[in-house]
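Trainee: Next input, structure requested:
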Amino acid sequence: MNIVSFIYTALVVLQVGLVVTGGAVRLTGSGLGCPTWPECVSGSIAPVPHQAQGQLHAWIEYGNRLLTGLLLLIILVSLVGAFRWGKERLDWPRIRLLALTQVLGIFAQILLGGITVLTKLNPVAVSAHFLLSIALIASTLSLRERMLAKERILTLVMTGALIRIVMGLSLIVIILGTLVTGSGPHAGDIHARRYPFDPRTISWIHADSVIALISLTIGLWLVIKVSESVSVQNILGKKVLVFLFICLAQGAIGYIQYFTRLPEALVAAHLLGAAVMWLAMWNIVFTSQALTQISRK
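Mentor: The predicted model follows:
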């Protein structure tokens, strides 16, 4: 792995890692482990001995803040790298925009994190914090693929349209997932507000959207298999199958956690799966954009 690949792969991994550590904060009830912002407690940026929130909760919350700092460092390195290695490329304007988006995005995340703490884990702020991570994961993956000059293919109009529909439904599934989470028991603090939705009803709506997503994904794979060239089938068809497998695994975890009363380990796995699912979806979207035509056989 060369230096360019290492930097931009690390950037993607850390963006996903921020989602996971944010979930750990919520699942362990550590959302207010550091009750002030930007300090952890009044007068100290880091946890202090014997603080009222407890050392474990304080350090879990503080660990999430430390990871944000590490991510900021990698983002700055990636920004310098973009100007060093991407300036001579035809897609330099897009690379520059994506690199600058990382900088703006992390500062927006820091600001949203502060709002989340200061509003005592308001579910709207918590959901916005997560959805911003989802947006940044997509832009980070696009930046990585461009910096590594990954191959992109030309698809038929019907295939491209169906990919966009599946992408839109994937986003709906994720948004509904935040409403399920914001209505359930893992709020990050026992006193945190929740969405005024019936958890059972919103969970069923979320599950129905997952079933629709899996069905549409199977349809997308069949369209590629029937109408696209062998080259496109080999590249894009395999990516769709990977996405389908992740969706099936996510659906299974979702059903198991629902019927086992939301154990923390399964909820954490489901949260990680959501980030991985979106990565796989965006990989399909990025690859299928009409930039390089694959010779049809």
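
Trainee: other SSEs contacting the longest helix seen in the chain?
Mentor: When the chain is parsed with DSSP state H, its longest helix is helix 55-85. Counting contacts by 3 or more Cβ pairs under 8 Å, 6 or more residues apart in numbering; DSSP states H and E, helix 55-85 packs against helix 3-27, helix 92-118, helix 123-147. Any C-beta I mention is one placed from the backbone N, CA and C, and that applies to glycine too.

Trainee: Take these and lay them out in JSON lines including mean neighbour count, distance to L56 and mean pLDDT.
Mentor: Listed next are those as JSON lines, based on neighbours: other Cβ atoms under 10 Å; distance: least, Cβ to Cβ, whole Å; pLDDT from 0 to 100:
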{"stretch": "helix 3-27", "mean neighbour count": "19", "distance to L56": "11", "mean pLDDT": "92"}
{"stretch": "helix 92-118", "mean neighbour count": "17", "distance to L56": "18", "mean pLDDT": "93"}
{"stretch": "helix 123-147", "mean neighbour count": "21", "distance to L56": "20", "mean pLDDT": "94"}
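
Trainee: Nearest to A52 among those helices would be which one?
Mentor: Among these, helix 92-118 comes nearest to A52, with 15.0 Å by Cβ to Cβ.

Trainee: so which of the helices and strands packed on helix 55-85 gets nearest F83?
Mentor: Between F83 and the helices and strands packed on helix 55-85, the shortest gap by Cβ to Cβ is with helix 92-118, which sits at 7.6 Å.

Trainee: orientation of the closest one relative to helix 123-147 in degrees?
Mentor: Orientation check (axes from the mean of the first three to the mean of the last three Cα atoms, to 10 degrees): helix 92-118 against helix 123-147 gives 160 degrees.

Trainee: chain center to helix 92-118: distance?
Mentor: Its chain's C-alpha centre and that of helix 92-118 lie 14 Å apart, by Cα atoms, centre = their mean, to the nearest Å.
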